[in-house]
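Asks: sharing a model prediction with you, sequence too.
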Amino acid sequence: MFLVLSVEVTFTTEVLISMALHDDEKAFLALKDSLDSYSVISDETWRDFKRISTFRSLAKNSYLYRAGEVPKSFAYIYRGLIRGFVCDEKGNEYNKNFFQEGQFPGAMSALLSSMPSALAFEAIEDALIVEIDFLAYRKLMIEKEDLKLFQIYYLEKNWLLEKDAREIQIVQEDATARYLRFIDQHPNLVERLAQYHIASHLGVTPTQLSRIRKSL
């Protein structure tokens with residue numbers, strides 16, 4: 001004799017709506033939430049913002065932006081992982097930043113100066129992104145006060161506070177301390193990144209990183 005158990009699963013309205021949406025619609029909802037986390041964006045500004053933005057996929061190991069090219073846009077990551085890196089004259093790569101879901105990869109110095117980018121941006125995982133036209137974004141930002149506030153708060157958090165802290169750590173901390181700080185601040189990235197990518201970001205060789213991990 002078999003006992004049949006009936007399990008009733010209840011979904012919230014938000015979950016049901018999310019399940020019915022396509023990836024592009026989910027990506028734009030996530031983008032709006034990310035913007036609002038810095039400064040709430042009005043419906044009018046959001047409508048204009050969407051008009052200058054394009055959803056697209058990016059295959060693993062393909063480039064979002066190449067070094068030496070003048071970028072025309074920056075991006076928002078809905079799903080996936082992207083690295084920003086530079087190469088020296090011998091072809092050695094240095095991973096400057098990793099960008100994951102909710103972040104905005106882009107060669108900002110090159111965009112602002114309309115000069116070729118020294119940085120390249122490569123997808124480490126298959127990615128779904130929203131690409132944002134930079135000149136149109138600048139024009140919209142000048143017109144919209146709420147978008148200006150987003151820009152200010154975003155730059156303060158990601159360009160001033162985090163950049164300063166990282167530059168100080170590189171000077172004052174040894175490689176072991178930098179590795180421990182990295183895994184403390186980015187536990188999810190440690191699981192998604194190859195060790196040689198982490199080593200490149202920390203400024204050590206993969207062999208040195210392996211020794212550090214064994215010593216802990």
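Replies: The structure has been received and is ready for your questions.
Asks: for Thr45, which non-adjacent residue is spatially closest?
Replies: Lys144 (4.6 Å; CB to CB, 6 or more residues apart in numbering). C-beta here means a position set from N, CA and C on the backbone, and glycine is covered the same way.
Asks: local confidence estimate at the one you found?
Replies: In this model, Lys144 is scored at 97, pLDDT.
Asks: same question, Ile168
Replies: 75.
Asks: same question for Leu5.
Replies: For Leu5, pLDDT reads 48.
Asks: same check on Phe11?
Replies: For Phe11, the predicted pLDDT is 59.
Asks: verify the stated contact: the residue nearest to Thr45 with Asp48.
Replies: Yes. Counting by CB atoms under 8 Å, Lys144 does reach Asp48; the two are 7.4 Å apart.
Asks: the helix or strand hosting Leu135: which residues count as buried?
Replies: Per DSSP states H and E: Leu135 is located in helix 134-143. Of the residues in helix 134-143, 134, 136-137, 140-141 count as buried by neighbour count, 16 or more other CB atoms under 10 Å.
Asks: the helix or strand following it to helix 134-143, inter-axis angle?
Replies: Heading C-terminal from helix 134-143, the first helix or strand you meet, by DSSP H and E, is helix 145-155. Regarding helix 145-155 and helix 134-143, their directions subtend 110 degrees when assessed with axes from the mean of the first three to the mean of the last three CA atoms, to 10 degrees.
Asks: what is whichever helix or strand comes after helix 145-155 packed up against?
Replies: Using DSSP H and E, the next helix or strand after helix 145-155 towards the C-terminus is helix 162-172. Under the contact criterion of 3 or more CB pairs under 8 Å, 6 or more residues apart in numbering; DSSP states H and E, helix 162-172 touches helix 175-185.
Asks: what does the helix it packs on rub up against?
Replies: With contacts defined as CB atoms under 8 Å, 6 or more residues apart in numbering, helix 175-185 is touched by 169-170, 173, 189-190, 198, 201-204, 208-209, 212-213, 215-216.
Asks: pull out the buried residues from the longest helix along the chain.
Replies: Counting residues, the longest helix in the chain under DSSP state H turns out to be helix 23-38. Neighbour-count burial for helix 23-38, counted by 16+ other CB under 10 Å, picks out 26-28, 30-32, 34-35, 38.
Asks: what average pLDDT does that helix get?
Replies: 96.
Asks: helices or strands up against that helix?
Replies: Using 3+ CB pairs under 8 Å, 6+ apart, the elements in contact with helix 23-38 are helix 43-51, strand 53-58, strand 73-79, strand 127-133, helix 145-155.
Asks: ok, residues contacting the second one?
Replies: For strand 53-58, the surrounding residues in contact (CB under 8 Å, 6+ apart) are 23-24, 27-28, 31, 64, 76, 78, 80, 82, 123, 126-133.
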